[in-house]
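Chemist: quick check, what structure comes out for this input:
(2 chains)
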Protein chains: 2
Amino acid sequence: MSNKRLWQISESPFQPERLRHFETLFAIGNGYLSARGAFEEAYPGETPATLVHGIFNRAAGKPVPELVNVPNWLPIRISIDGTPFSMQAKARDSLKPEGGALLGHGRTLDLGSATLRRQALFRAESGSIVRICFKRFASLANVHLLAQRVTIEAVEGAPHISIRAALHADARNHDACHLGSKLAFADGDVAAVTATTSQSGYAIALASRLFSPSKVQAANCDEMAALSSEFQLESGGSASFDKLTAIYSSRDLAEPLDAAKRMVGGASAGAYEAHRQAHADCWRDTWSKCDVAIEGDDRAQLAIRFAIYHLLIAAPRQDDDVSIGAKTLSGLGYKGHVFWDTELFVLPLMTLTQPSIARNLLTYRHRRLSGARRKAREFGYAGALFPWESTDTGLETTPKWTDPDADGARIRIWTGETEQHINSDIAYAVLQYWRWTGDDAFMRDKGAEIVLDTAVFWGERAERKRGRYEISRQIGPDEYHENIDNSVFTNRLVQWHLSQAIALIGWLREKAPDVAQRLSAALDLSPSRLAAWRDIIENMHIPFDDEKQIHVQFDGFFDLEYIPVSKYQPRIGGIWGLLGHERILQSQVIKQADVVMLMALLGDEAGSAEVMRNNFNTYYQRTDHGSSLSPAIHAWVAARLGLADIAYEMFERAAAIDLEDNQGNVADGIHAASCGGLWQAIVFGFCGLHIGQGGPAVDPKLPKHWRRVSFSVTYRGKAHHFDVVNPAV
Amino acid sequence: MSNKRLWQISESPFQPERLRHFETLFAIGNGYLSARGAFEEAYPGETPATLVHGIFNRAAGKPVPELVNVPNWLPIRISIDGTPFSMQAKARDSLKPEGGALLGHGRTLDLGSATLRRQALFRAESGSIVRICFKRFASLANVHLLAQRVTIEAVEGAPHISIRAALHADARNHDACHLGSKLAFADGDVAAVTATTSQSGYAIALASRLFSPSKVQAANCDEMAALSSEFQLESGGSASFDKLTAIYSSRDLAEPLDAAKRMVGGASAGAYEAHRQAHADCWRDTWSKCDVAIEGDDRAQLAIRFAIYHLLIAAPRQDDDVSIGAKTLSGLGYKGHVFWDTELFVLPLMTLTQPSIARNLLTYRHRRLSGARRKAREFGYAGALFPWESTDTGLETTPKWTDPDADGARIRIWTGETEQHINSDIAYAVLQYWRWTGDDAFMRDKGAEIVLDTAVFWGERAERKRGRYEISRQIGPDEYHENIDNSVFTNRLVQWHLSQAIALIGWLREKAPDVAQRLSAALDLSPSRLAAWRDIIENMHIPFDDEKQIHVQFDGFFDLEYIPVSKYQPRIGGIWGLLGHERILQSQVIKQADVVMLMALLGDEAGSAEVMRNNFNTYYQRTDHGSSLSPAIHAWVAARLGLADIAYEMFERAAAIDLEDNQGNVADGIHAASCGGLWQAIVFGFCGLHIGQGGPAVDPKLPKHWRRVSFSVTYRGKAHHFDVVNPAV
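Modeler: Numbers count the residues shown, from 1 in each chain, chains lettered A, B, ... in the order given. This is a model prediction of the structure:
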């Protein structure tokens, strides 16, 4: 981990106008939970949040469940000679400032050790100056443990320090309160809070213990449990104190409170350092599996490590009943719901570098087949149709309307009903996992059932019309066009999906006849159904323009108004607000290119080199990239097509989505799909990783100024390291 | 010039809170003038300024002269269907915005071609959308020519465009109006303004010509001459217009107005493109001489090119009667005055890569020996004492008091009287120029007189006390300590200066006896004076602590309060406001380390390796870097001492001074000394360039992650290219 500059994200000095952006960037986590980078002592307008995988709740009067902001474990208040440390204390312009003075401040997230460090130089009204250093991490070695260490140095004077470390039970989401029956109590040097989610009934418990150089006193207010302590610093001296917090929920075990109290109760004074060491070791091991090292482009290097970091802190390692939401656990956007983003954007990194995590994420889907079957039945079909937005229940949780705007206007949301390609996206992820890991047991016991039952849905969903099969009323990845007929992305993927399903049945019959038999009975995989599948594969309508030799995004797409998006540059934000909803719907402006995504997924199977190039050139100039999913995929495909400049431009754009907040919504959380897309753009796009005759191989098309890209993947249990050197540099 | 990212500084989107910072960063220039990066259509709070070398004026009631902000040649107003283009137009949230809507904006300064590009997407009230692209450059091929090209594309609708290009005679500096007898008049397609500086009487004339696709009309308001034109764009169509401006002053020729009108009058419609080509060719040639290419650190690469760019646009190529101020020509800070910054920080880049520019800058000093002699006489000494702050007159122009603060309090400024080391700084630059260029003619005709007459001053200034020579009441580079006795920097440099002077006399007697004779008569270089010099060299008091084996910054320095500066981190700004003026004066806190500067200048002559290391370790922890001159010099010396981490930390700090405005005053102009220091930190510090037996040679101590540094220097008329590779990477 040499050259730390390429492993660190920093803020210095404090930028209050980017408060919530940095809260998201500075999130820490361990795959069990994540905590946004809010300040220990709080700040006006902040949005602190700690989100725990699987803890969803539907608040009274709300249409859908959301991830619950659990009780806040961060609070630590510090007073210096009676002056409370505060980021609002006015700047250094007087020698004895009222309310104190913040003389300097800096924060650094170390991606290598997943630790957030914070330093502040503060002058109290008394004139004393202290340097306060905060460290925090969510242990990867013990995911139930949250650790904070604060070191205070007396830079000037010999100040009296009083501290108060607390747990706040009264956490809430933006406009909803999910926690009921809240209890807070402190005794000795341990504080604890418990709460239960109002509708889903999950019990959550946190216990904190304060290790202070002097006596610790307990204090309780109604919804807060606090531990306080006081000590004197001699001039030039310093002191540290640790706050260790344990967190459990009823998803983990029957008595979360007991478990949390036991963990911190058993900790010794040296516990922080021991936990830090174990945490650092786990991260070192993790990075050795999935770092991507880039030489010749520092910004790209930092961006890919940042992207991988945010996927890793959201990746469930011990839990196969949860998945990663579109905003990871770093913000409240999309209410923590799980979309296709997980399977097609996030999963490949896991499948190729940490297959056990990928298996957990796919098992989450397998455990929710019943919900998917219920949705299919409600639509009048056999088989399984996964929800567009998924939570703990496995039921469809896409709201039917947007929240009312200022004028009370709402827009109908159709994705929960007609964006059905998610069925094949999940099947794609299962098959990709199988192809890379060779995990036959998973395919036999879980994967096959997902692939086949989603295929059963498609077999019935496809409509025989005019001697061919069509699929009407769909939404493809391009959500600017709703309920269109024959999305080329969907139809082609369904065709591919069904043929994979047939091949899979063949494999099952040979390798696991009992499973083949059980599934074909359970899913009614009758000869006539399979015959129907073959007929669909044979006769699926794939919209294509023979003259132009390009795929047509959907029937009639080219009859809409043509608006070359590129002419609206330079542009802040999407083209929507610029041209208006109505006009966009009637135009060829694309949110993200279905056809380009299709080429990314199917590679050469998508069409001839000529068709691929025609497709890209046609759709690229029509694409708004109004979705954060779009740029990285374009970078990937452009790289494969040898369009080096476009590829790099799209890569840079994807890299800026979170770090520079170039879409203005990072406050709501990290864009997980863009992070995963960035990794795929490098590994599949620029490096051309694929499975060749002899296993994994690369076919590099690096940006011209990149000197070298190094990364590792696991193929069928064996690690393969690639060191891709750019001969041109 | 591959990989343009490493040749460009960009702003996107618009950051109004950094308006004046970017005005400075985006300055363009050609060594005759520079223009700050203000907008063509103006913006509230902007500080547009065009500064021309040598045009100084002392406004009524002001103590000292300053560089004059000449008439503004930038203004171009554009209306789209009657809506004036404005950066204040509210953001894209309505389809028919009142006052128009700025949909997007970006600016890029291309360092390679010294061209500022600006793009905006704008919606008029009519609904029409246009993209406006502005380009501007100050021709390096013809320094009197300023070029602007504007291209307007009709992105939506077929808008009616009206434009007005103007010259504003009513330019002013912050609180002073320097221009009198202003005239503005436009006729046909040419507008012109003239003005005369109120006290110094320089006449300035600008003439602009507008090349528009349609008829141009002239209009005059009292102090503004304008050229307007109107045209219709068809939907999807575009049109360009050029504004060419010529500028001359009475420093250039007798009739500046005629010359300016003649130049633009003679221009043809294709003139912009022809000038652009010639300009680009000149810059390509210039960069081939002085680019520093860094592999393995993109941020450092961009920072050094940015630094070199800003020195190049301020470097007078055709004029040997001007010099470069502490803020170059990019801002009004320090009133454009010339300090030691030029000789010790900026000049080395010129001496080693473009000696003719260095010669111009040194000739500026030679032409001002009379002023320096007058200052010496006023102090009661023979010889020459250069002013601490120099302008066109060559007289001392350091104000005696700071401007009153809010409470009317003023602080006495002593530098003009007692910061006398500038005498030896200039001598050092002359000798460095001679050593590298072998320009004996310059030394014989100009350089020697500078070195010797400043030596004459020192010979009389040194005080014989206690059987040794002392120099009392001085200010060294560390301006936190005023009027101290025996500044080790000054005393040691004077000792060195006198011995160089004696050697120089020997050289003159041998190579140019006539000159030797003339100078020794004119400057009274009698045998007794030379004997006195030898006695001073022999017996100069160099404060040194034999026990600690370190130089002592000045007598009694270590009796002051010791405050280890490093403990005041993280810190915004200098330590002054934090501890207060009074306490700093009585402490060992150093603004910039005299002793470190001394080691940078004298290298091994400064002392043994042990002393050097002791010096650095002692003074580094006491140094506040309250001066922008400090970090780069520390990087240089730390690198030579093998203190790699400190060297790189100091380098990064220097690199951030302008680009990140980490001292908060870039609005007043670029920190020329830091830019030149950055170059020396790389070339002399990290690469260890020196003159060895066989000519220039390197002794690399590169930062550990730097892969390679390539640069060229000229030694005695011959170009030497160095390609320093880091074996460790």
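Chemist: for the rest of this, base every contact and every neighbour count on C-alpha atoms.
Modeler: Noted.
Chemist: now the helices: where do they sit in the stretch 151-300 of chain A?
Modeler: A:256-265, A:271-290, A:298-312 (DSSP state H, counting those that start in this stretch).
Chemist: where in chain A is the helix or strand with the lowest mean pLDDT?
Modeler: helix A:576-579 (a mean of 84; mean pLDDT, DSSP states H and E).
Chemist: does chain B sit close to whatever helix or strand comes next after that helix?
Modeler: Sequence-wise, the next helix or strand downstream of helix A:576-579 (DSSP states H and E) is helix A:581-585. No - Helix A:581-585 lies out of reach of chain B by CA under 8 Å from any CA of the partner chain, never closer than 10.7 Å.
Chemist: the next helix or strand after helix A:581-585: which residues count as buried?
Modeler: Downstream of helix A:581-585, the next assigned helix or strand under DSSP H and E is helix A:594-602. By neighbour count on 16 or more other CA atoms under 10 Å in any protein chain shown, the buried set for helix A:594-602 is A:Asp594, A:Val595, A:Val596, A:Met597, A:Leu598, A:Met599, A:Ala600, A:Leu601.
Chemist: show me how far helix A:594-602 is from its chain's centre.
Modeler: Here the centre of mass of C-alpha atoms in helix A:594-602, compared against the chain's by CA atoms, centre = their mean, to the nearest Å, lies 22 Å away.
Chemist: count the neighbours of A:Lys327 for me.
Modeler: 26 (other CA atoms under 10 Å in any protein chain shown).
Chemist: then A:Asp222?
Modeler: 12.
Chemist: right, and it touches A:Ser181 too?
Modeler: No - A:Asp222 is beyond contact range of A:Ser181, at 11.7 Å (criterion: CA atoms under 8 Å).
Chemist: okay, now A:Asn614: neighbour count?
Modeler: Residues near A:Asn614, counting by other CA under 10 Å: 16.
Chemist: grab the nearest non-local neighbour of it.
Modeler: Closest residue to A:Asn614 apart from its sequence neighbours, by CA to CA, 6 or more residues apart in numbering or on different chains: A:Ile550 at 5.8 Å.
Chemist: related to what we said a few turns ago, just the helices of the stretch 151-300 of chain A: most buried one?
Modeler: helix A:298-312 (a mean of 23; mean count of other CA atoms under 10 Å in any protein chain shown).
Chemist: helices or strands next to that helix in the packing?
Modeler: Helix A:298-312 sits against strand A:292-295, helix A:644-659, helix A:672-680, with contacts defined as 3 or more CA pairs under 8 Å, 6 or more residues apart in numbering or on different chains; DSSP states H and E.
Chemist: quick check: which of these is nearest to chain B?
Modeler: strand A:292-295 (7.4 Å; CA to the nearest CA).
Chemist: what strands flank that closest one, and is each parallel or antiparallel?
Modeler: Taking DSSP bridges as the criterion, strand A:292-295 forms sheet pairs with strand A:708-715 (antiparallel).
Chemist: and the angle for the partner strand with helix A:298-312?
Modeler: Strand A:708-715 runs at 20 degrees relative to helix A:298-312, counting by axes from the mean of the first three to the mean of the last three CA atoms, to 10 degrees.
Chemist: so for the helix or strand just after strand A:708-715, what gets flagged as buried?
Modeler: Moving toward the C-terminus from strand A:708-715, the next helix or strand (DSSP H and E) is strand A:718-725. Across strand A:718-725, burial judged by 16+ other CA under 10 Å covers A:Phe722, A:Val724, A:Val725.
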